[in-house]
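Colleague: Pasting the sequence and the predicted model now:
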Amino acid sequence: MTAQEMYDWDQTAIQTSGLSGTMLMENAGRSVSREVEKKINRQQNVIVLIGGGNNGGDGYVIARTLLNHGYRVEAWQVVPDEKIHGDALTHKEIFLQSGYVVRHTEDVSVLGKDMQQADVIIDCMLGIGIKGKLRSPISEVVELVNEQNAYTISIDIPSGVPADEGFGEFDAVKADETVVIAAPKMSAFLESTSYYYGKWTIVEIGLPVKLLPNPRRQLWTKRDASTTVPIRAKHSHKGSHGKGLVIGGSYHMPGSIAMTARAALRSGIGLLSIATPTTAIPSVAPFLQEATFEPLPEEQGVMMEIDGVDWSKYNGTAIGMGMGREVNASSIFQTLFQHAKGPVLIDADGLYHVKDKLMKYADRPDPVILTPHPGEFAHLIDRSIPEVMQSPFTLTRGFAEKYGVYVVLKGPATIITSPQGDQRVELSGNAGLAKGGSGDVLSGVLLALTLQSKSVFDALANGCMIHGLTAERLTENHHSTTGLLASDLIEGLSETFRTFSVSM
Ligand SMILES: NC(=O)C1=CN([C@@H]2O[C@H](COP(=O)(O)OP(=O)(O)OC[C@H]3O[C@@H](n4cnc5c(N)ncnc54)[C@H](OP(=O)(O)O)[C@@H]3O)[C@@H](O)[C@H]2O)[C@@H](O)CC1
Ligand SMILES: Nc1ncnc2c1ncn2[C@@H]1O[C@H](COP(=O)(O)OP(=O)(O)O)[C@@H](O)[C@H]1O
Ligand SMILES: [K+]
């Protein structure tokens, strides 16, 4: 969610369901407290830091709830009294009338001394309402918090982190964990801001879900996957599971196309053929007894054209892996878009070649899927990688809508966008995947699932999840994130598929 989308939810709830702001704040504070109580005990000294907005209001509810439950809590208001108003003021009054005491930060050093005795710091200074650079005294308090060894739990957002994408430098609390209210904000997924959150969990605050405007952005969960992942019907035959073609590879780069192809086979594709230069076939074939080949004319080990492919045999294509930069791209993509039936997935070198050609094929009736990492996406849209990393949601949505394509922007948080601009974020996987070859494996998984699913969008989100979960499982058992290879990932897919629906 963006901050604005969050405020819209809040307003919708208040205007249409009869819930009031103070009720939502009470719900938020109590839900957060339930989560916090799992992490703390009654012997620990807890400090709640309270700011001037509604995030601070949540803080008053949390401090009261924890005190009611017998925890040792000090509530520190880090802004002057006149800053507290509205729902937050109501909850401050309830806090005081419950017989509890508020401490004030006239002198930040007094708070600093107190913090040294704290085991746990609960940060309710700033939430989605942060604007601009941190001002005093919050800037000093943030610095103090980051100097402590105490376990720090931020509420909704680590104070100082912007809610939305597109922001540059900032100072913020570095939380050990964050309890997110109602829905995660964009910054929980960006490289430069997600670090501040630590581990995060979401709490529910009683918003009327049926009434809320749809932000057309969704966190893809295991529960979503378990209801949409294709199930092999008892009476299915190989034709029911897709007849795929993968185009790529070269004499000097045979590995990537082999990995894509093998991953597609391990992901249940019915039939698979590989179009690759003739001289690459002897290197690729040993990994793929189950596949057939379309030998391509070549020059110096690089494919020249794909005119001889028998397109009637296939209902889905993936292109680009290891094809090289030297190919006759105009001819290849012209033929591809004219003849290929069903979804076309473009990855790696294919993305390099397809730049500036997409508008020409924007009216293709069947789906086009692009699977760039941030560097490839930056090249596609003529922006820098830092710009892509700073605003991935907006940039991918704009691109997908403009060209009518699906975009899978890969990374620790993979963002999947449909041609209509709907977005899903998928978080599985780990740094064991940060190696050449993992993307080739993903392309194979995605092609196979796309040909077996009713919805391309579901297939892409599920494919990313299966790919990531495989890495997680392998690094929990036999491998390390250091030692995991893309080829291990391919062989691991089988067990992920076997346990997938059972483990949901
Ligand atoms: N569904 C929901 O939405 C619900 C939301 N809830 C909660 O409300 C939170 C949002 O509350 P919010 O809108 O009051 O904003 P918030 O984050 O408290 O910040 C405003 C305060 O910060 C201050 N301030 C700003 N920038 C600053 C800076 N650079 N440096 C220093 N100070 C700065 C600003 O000061 P001012 O500019 O007014 O002087 C003002 O005092 C949300 O994150 C969630 O926790 C739940 O309670 C219930 C349901
Ligand atoms: N640190 C990480 N955490 C989670 N997933 C990652 C991480 N690094 C890479 N990945 C995943 O690994 C894959 C890498 O793809 P890509 O960059 O195209 O690799 P290559 O083309 O070299 O095979 C993507 O699916 C990406 O989401
Ligand atoms: K906060």
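Modeller: Good, I have the coordinates. Ligands and ions are numbered 1, 2, ... in the order given.
Colleague: for the stretch 201-350 of the chain, what spans make up the helices?
Modeller: Secondary structure of the stretch 201-350 of the chain (DSSP state H, counting those that start in this stretch): helices located at 222-228, 255-266, 281-284, 329-339, 349-354.
Colleague: so which of the ones you listed comes closest to ligand 1?
Modeller: helix 222-228 (22.6 Å; C-beta to the nearest ligand atom). Any C-beta I mention is one placed from the backbone N, CA and C, and that applies to glycine too.
Colleague: by contact count, what packs against the closest one?
Modeller: In terms of contacts (3 or more C-beta pairs under 8 Å, 6 or more residues apart in numbering; DSSP states H and E), helix 222-228 is packed against helix 456-476, helix 486-503.
Colleague: what's near enough to touch the closest residue to Ser384 other than its chain neighbours?
Modeller: Of all residues not flanking Ser384 in the chain, Ala378 sits nearest, at 6.0 Å (C-beta to C-beta, 6 or more residues apart in numbering). Neighbour list for Ala378: Ser384, Ile385, Glu387, Val388 [criterion: C-beta atoms under 8 Å, 6 or more residues apart in numbering].
Colleague: Please apply the same query to Gly255.
Modeller: Ser283, Gly322, Gly437, Asp440.
Colleague: Out of these, which comes closest to Gly342?
Modeller: Closest approach to Gly342 among these (C-beta to C-beta): Asp440, at 20.5 Å.
Colleague: So that closest one, which state does it fall into?
Modeller: Recorded secondary structure, Asp440: helix (DSSP: H, G, I helix; E, B strand; the rest coil).
Colleague: pretty sure Arg42 contacts Val73?
Modeller: No. The pair Arg42 / Val73 is not scored as a contact, 10.2 Å apart, by C-beta atoms under 8 Å.
Colleague: Those two - which one has more neighbours?
Modeller: Ranked by neighbour count (other C-beta atoms under 10 Å), Arg42 and Val73 place Val73 first, with 22 against 11.
Colleague: and the more buried one, what are its phi and psi?
Modeller: phi -130, psi 140 (degrees, to the nearest 10).
Colleague: picking up where we left off before, which one of the contacts of Ala378 has the most neighbours?
Modeller: Val388 (23 neighbours).
Colleague: Next, give phi and psi for the residue nearest to Leu358 when sequence neighbours are not counted.
Modeller: Nearest residue to Leu358 in three dimensions, chain neighbours excluded: Tyr403, at 4.5 Å (C-beta to C-beta, 6+ apart). Backbone dihedrals for Tyr403, given as degrees, to the nearest 10, come out at phi -100, psi 0.
Colleague: contacting residues for Tyr403?
Modeller: Leu358, Met359, Ala362, Val368, Pro419.
Colleague: Of these, which pair is most distant in space?
Modeller: Met359 and Pro419 (13.8 Å).
Colleague: The two: which is more packed in?
Modeller: Shown here are Met359 and Pro419; by other C-beta under 10 Å, Pro419 has more neighbours (19 against 10).
Colleague: Quick check: pLDDT value at the more buried one.
Modeller: We have a pLDDT of 97 for Pro419.
Colleague: Next one: the spatially closest residue to it that is not a sequence neighbour from Gly421, what distance?
Modeller: Excluding the flanking residues, the one nearest Pro419 by C-beta to C-beta, 6+ apart is Gly404, at 4.5 Å. According to C-beta to C-beta, to the nearest Å, Gly404 and Gly421 sit 11 Å apart.
Colleague: do the same with Thr496
Modeller: 30 Å.
Colleague: What of Thr16?
Modeller: According to C-beta to C-beta, Thr16 stands 25 Å off from Gly421.
Colleague: more neighbours, those two?
Modeller: Gly421 (15 against 12).
Colleague: Pull the contacting residues for the residue most central in space within the chain.
Modeller: Per C-alpha atoms, centre = their mean, the C-alpha nearest to the average position across the chain is that of Ala413, at 2.9 Å. Residues counted as contacts of Ala413 (C-beta under 8 Å, 6+ apart) are Phe189, Leu190, Ser194, Val425, Glu426, Leu427.
Colleague: Specify which member of those is nearest to Gly316.
Modeller: Glu426 (21.0 Å).
Colleague: residues near the closest one, how many?
Modeller: 25.
Colleague: what's the answer for the one 3 residues further on, then?
Modeller: Other residues near Gly429 number 24, with proximity taken as other C-beta under 10 Å.
Colleague: Check Gln77 too.
Modeller: Counted with other C-beta under 10 Å, Gln77 comes out at 22.
Colleague: what's the answer for Thr278, then?
Modeller: 14.
Colleague: Distance check, the closest residue to it other than its chain neighbours against Gly350.
Modeller: Leaving aside its sequence neighbours, Thr278 sits nearest to Pro295 (C-beta to C-beta, 6+ apart; 4.3 Å). Distance of Pro295 to Gly350, given as C-beta to C-beta: 19 Å.
Colleague: And the two? Which one has more around it.
Modeller: The neighbour comparison of Pro295 against Gly350 (other C-beta under 10 Å) goes to Gly350, with 27 against 15.
Colleague: Looks like that one contacts Gly320 (just checking).
Modeller: Yes. With contact defined as C-beta under 8 Å, Gly350 reaches Gly320; the gap is 2.2 Å.
Colleague: Next up, phi/psi of Leu212, please.
Modeller: Per degrees, to the nearest 10, the backbone of Leu212 is at phi -80, psi 140.
Colleague: mind checking pLDDT for it?
Modeller: pLDDT at Leu212 comes out at 96.
Colleague: What is the neighbour count of the nearest residue to it once chain neighbours are set aside?
Modeller: Leaving aside its chain neighbours, Leu212 sits nearest to Trp9 (5.1 Å; criterion: C-beta to C-beta, 6+ apart). Look at Trp9: counted by other C-beta under 10 Å, it has 22 neighbours.
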